[in-house]
Each structure stands twice: as structure tokens, then as C-alpha cells.
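J.: Got a predicted structure here, sequence first:
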Amino acid sequence: MAIDQALPKLGEIEKRYVELEALLNDPEYSSDYQKYMQGKKAQMEIEGVALAFREYRQVVKDIPEAEEMLGLAGESGERELGIEMLEGLKKQKEELEEKIRMMLLPKDPNDDRNVQMEIRAAAGGEEAKLFAGELFRMYTRYAERRRWKTEVIDIQETGIGGVQEVTFLIVGQGAYSQLKFEGGVHRVQRVPVTESSGRMQTSTVTVAVLPEAEEVDVELDEKDIKEDIYHSSSAGGQNVQKVATAIRLTHIPTGIVVQCQDERSQLQNKIKARNALRTRLYELKLQESNDAQSGARRSQVGSGERSEKIRTYHFQDGRVTDHRINKTIHNVATVMDGDLQEFIDGLILADQAEKMREGSEE
């Protein structure tokens with residue numbers, strides 16, 4: 001959308017921002033805590049656009065004044081200074097236009113939510129399980145870099161340090177906005193430690209990324225939930241506790257099954273399992289409400305075949321390639337240590353560019 005076309009909308013946003021500012025400074029309004037917090041939230045949602053638009057209007061006003069001053073400039077030194085000032089203002093105007101266009105793009109309502117991730121070994125046997133464990137560590141390290149918290153809901157480990165599947169939560173402001181494009185088939189090409197002949201093998205792991213549901217999103221009906229309690233087990237299948245604390249919940253109408261055995265307390269496992277079930281049901285609700293969205297999880301994980309991939313990790317060449325944006329990073333070690341931001345930023349920019357293209361065609 002061109003800025004000229006958006007001027008009426010931008011004017012309305014700034015007007016609303018001024019109205020909210022006045023309300024929040026009104027002692028009678030601010031004395032009601034709930035009202036005040038609602039108003040503050042509404043103001044924060046539009047503050048970036050309103051302030052950027054104010055700055056843009058000022059720059060637009062300053063440009064003709066700078067042109068007039070340049071026309072009156074006498075000495076060469078004054079002219080050079082005037083030209084520099086005018087070029088700076090024009091560049092600032094372009095930057096603000098781009099910033100405002102980005103801010104006006106439709107926002108995913110789930111962007112600010114926490115993320116539930118599911119990683120499963122697909123094609124490749126033990127090597128796929130080993131890589132699933134490495135991807136789990138990669139996302140954990142990425143969360144640490146962002147100072148986000150990671151909570152394991154359920155994990156099925158193998159005896160050689162791999163992971164058959166793991167479900168975990170990443171808690172942090174805007175986690176879904178950063179990680180939502182990580183869902184899909186991740187392909188690894190390397191010589192497995194389990195391969196004695198030294199032949200390179202291709203294996204795959206599927207990753208699903210779901211926005212965490214809140215209680216208001218999905219109401220759980222107790223009669224629809226079957227609950228099983230069992231003993232937590234280690235990677236080798238040994239019981240690690242004498243008291244049964246692990247929880248398995250089956251949602252009877254949909255057949256969705258979630259389980260949690262990470263906590264020592266049965267109550268803590270039950271809370272985590274219920275939250276995980278709520279998230280899976282929320283995903284189902286999103287699918288049903290938007291036919292265009294063919295199903296976040298299903299479209300992300302595919303069938304797990306080796307030919308399907310969103311990203312390839314080639315260890316022998318030391319490179320990682322994201323096939324959706326045709327971007328390669330030649331440092332597989334740092335990527336596996338959670339340095340994913342370059343990929344994530346590229347995917348976000350590509351998504352924004354596509355939204356802008358769609359907006360210009362409407």
C-alpha cells in the first residue's frame with residue numbers, strides 16, 4: 001500500500017492515539033485499574049504507527065523548507081550543507097515510508113504467543129533420532145540466546161542419545177512470531193556415527209510449531225477427556241519412579257493424544273498435559289475457522305520423506321541451506337548451536353514482502 005493511499009487511515013490512528021493519551025491522563029479514568037490497563041494496551045498497539053506517522057509528517061513539512069533555504073544559499077559551503085540536509089531528509093522520508101508500510105501489514109494475532117514445538121524423527125532410523133535430539137538442543141540454545149524459558153512436556157529418548165520425539169514449550173514475548181516458519185521437514189546429510197563404512201546418509205526430522213493456547217481460547221469438557229496415569233520411564237525403558245506420575249490425556253471427540261512425564265509431580269504433569277491438549281485443540285480450531293490455512297501442523301510436517309525439505313544441514317560441506325528463501329550459511333556448527341536469527345529474519349522479510357505484494361494487487 002502506498003503511503004498516499006494510507007494517509008486517511010494513518011490520520012485516524014494518530015487521532016485515536018491522542019484520544020487514548022488524554023484518557024490515560026484523566027485521573028477519573030485511570031483510577032479504574034481494569035479500564036486503565038485496557039486503554040494502555042490499546043495505546044501500545046498503535047503507538048509505533050502513530051509516532052512514526054508524526055515523524056513522517058514533520059519530515060514532509062521540512063523538505064520544502066530545506067529546498068527553499070537551499071535556493072537562498074549563497075556561499076559554496078552553505079550550499080553543500082543545504083544539499084546534505086535535503087538529501088538526509090529525503091532519505092529519512094523513504095525510510096519512514098518503508099517502516100510505516102511494514103507496520104500497516106496485517107499482523108498475525110498469534111505472534112505474541114508462546115510456542116509449542118514438536119520434533120519427531122522421520123526417515124533415517126537411528127541417525128534421524130540423533131539429529132532430532134540435536135535439533136531439540138538447537139532450539140533450546142536459540143531460546144537461551146533470546147532469554148526465553150524452555151519447558152519439556154514429553155520426550156522419548158533413545159539409548160544412544162537420540163530422540164524419537166519431543167514436545168516442549170518455549171515461553172517468551174513474541175516467540176511464535178520468530179519461530180513460526182521453523183515448521184516443516186529438516187533434512188540432514190552426513191556420515192552417521194552409526195555407519196561403519198563411512199557412507200553419507202540422508203535423514204529427515206519433522207518439526208511442528210504451534211501457538212500456545214490460552215484458557216479463553218479452548219474450554220476443555222471433562223467428559224470428553226480420558227486420563228491415564230502411568231510410570232515415567234527412562235531412555236532404556238527402566239522405571240525411574242516408584243510412584244506413577246506420568247499423564248496421558250486422550251480427547252475422545254478428536255482422538256488427539258498428549259502425554260507428559262517430565263515432572264516428578266503428577267499434578268504438574270497433568271497441568272502441562274492439559275495445556276498441551278488445549279494447544280492442539282486450538283490448532284484444530286484455527287484450521288476449521290480458516291479453510292485457506294490447510295492445517296499448520298499437517299502442512300509443516302508433511303510425510304517426512306527425504307525428498308521433502310524446508311532446510312538441509314550438510315555437515316561434510318559445513319553448510320545449512322533454507323530452500324524457501326534460497327539462503328545458505330556456511331557454518332553448520334554455529335547454526336546447530338542456536339544461531340538461527342539470520343534464517344529467521346530472512347523468512348520474516350520474505351513473508352512481509354509477500355504480504356506487501358498481495359496488498360498492492362488488491
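T.: Yep, it's here. Residues are numbered from 1 along each chain as shown.

J.: what's the longest helix in this protein?
T.: Counting by DSSP state H, the longest helix found in the chain is helix 33-72.

J.: just checking, what packs against that helix?
T.: Counting contacts by 3 or more Cβ pairs under 8 Å, 6 or more residues apart in numbering; DSSP states H and E, helix 33-72 packs against helix 3-24, helix 27-30, helix 76-103. (Each C-beta comes from the backbone N, C-alpha and C, glycine too.)

J.: redo that, cut-off 6 Å
T.: helix 3-24, helix 76-103 (3 or more Cβ pairs under 6 Å, 6 or more residues apart in numbering; DSSP states H and E).

J.: of all those helices, which lies closest to residue 54?
T.: In terms of Cβ to Cβ, the element of these nearest to residue 54 is helix 3-24, at 6.6 Å.

J.: Buried residues, that closest one. List them.
T.: Burial within helix 3-24, assessed by neighbour count using 16 or more other Cβ atoms under 10 Å, is assigned to 3, 6, 10, 13, 14, 17, 20, 23.

J.: Which of the residues you listed lies at the shortest distance from residue 286?
T.: Closest to residue 286, out of all of the buried residues of helix 3-24 and judged by Cβ to Cβ, is residue 13, at 27.4 Å.

J.: Give me the pLDDT value at that closest one.
T.: According to the predicted model, the pLDDT of residue 13 comes to 91.

J.: Does it touch residue 46 like I think?
T.: Yes. Contact criterion Cβ atoms under 6 Å: residue 13 and residue 46 qualify, at 5.3 Å.

J.: from the middle of its chain, how far away would the longest helix of the chain be?
T.: Put simply, helix 33-72 sits 28 Å off its chain's centre (Cα atoms, centre = their mean, to the nearest Å).

J.: Tell me what angle it forms with helix 76-103.
T.: 150 degrees (axes from the mean of the first three to the mean of the last three Cα atoms, to 10 degrees).

J.: picking that back up, how about the buried residues of helix 3-24 in JSON lines, adding distance to residue 115?
T.: Shown next, in JSON lines, are those (distance: Cβ to Cβ, whole Å):
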{"residue": "3", "distance to residue 115": "34"}
{"residue": "6", "distance to residue 115": "31"}
{"residue": "10", "distance to residue 115": "32"}
{"residue": "13", "distance to residue 115": "29"}
{"residue": "14", "distance to residue 115": "33"}
{"residue": "17", "distance to residue 115": "30"}
{"residue": "20", "distance to residue 115": "30"}
{"residue": "23", "distance to residue 115": "34"}
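
J.: Among those residues, which has the minimum pLDDT value?
T.: Lowest confidence among the buried residues of helix 3-24: residue 3, with 73.

J.: Excluding residues flanking it in the chain, which one is nearest it?
T.: Among residues not flanking residue 3 along the chain, residue 97 sits closest, at 5.0 Å (Cβ to Cβ, 6 or more residues apart in numbering).

J.: now the protein, which segments are flagged as low pLDDT?
T.: 1-2, 74-77, 194, 196, 215-217, 232-244, 262-263, 288-308, 356, 358-362 (pLDDT under 70).

J.: quick check: longest strand of it.
T.: Counting by DSSP state E, the longest strand found in the chain is strand 201-211.

J.: Other residues contacting the helix or strand that that strand is followed by?
T.: Next helix or strand after strand 201-211 toward the C-terminus (DSSP states H and E): strand 225-230. With Cβ atoms under 6 Å, 6 or more residues apart in numbering as the contact definition, strand 225-230 has outside contacts at 244, 246, 248, 249, 250, 252.

J.: measure the last one to residue 220 for me?
T.: If you measure residue 252 against residue 220 using Cβ to Cβ, to the nearest Å, the figure is 12 Å.

J.: Same question for the third one.
T.: Applying Cβ to Cβ, one obtains 15 Å for the distance of residue 248 from residue 220.

J.: Between these two, tell me which one has more neighbours.
T.: residue 248 (17 against 13; other Cβ atoms under 10 Å).

J.: if I look at the more buried one, how far off is residue 221?
T.: 18 Å.
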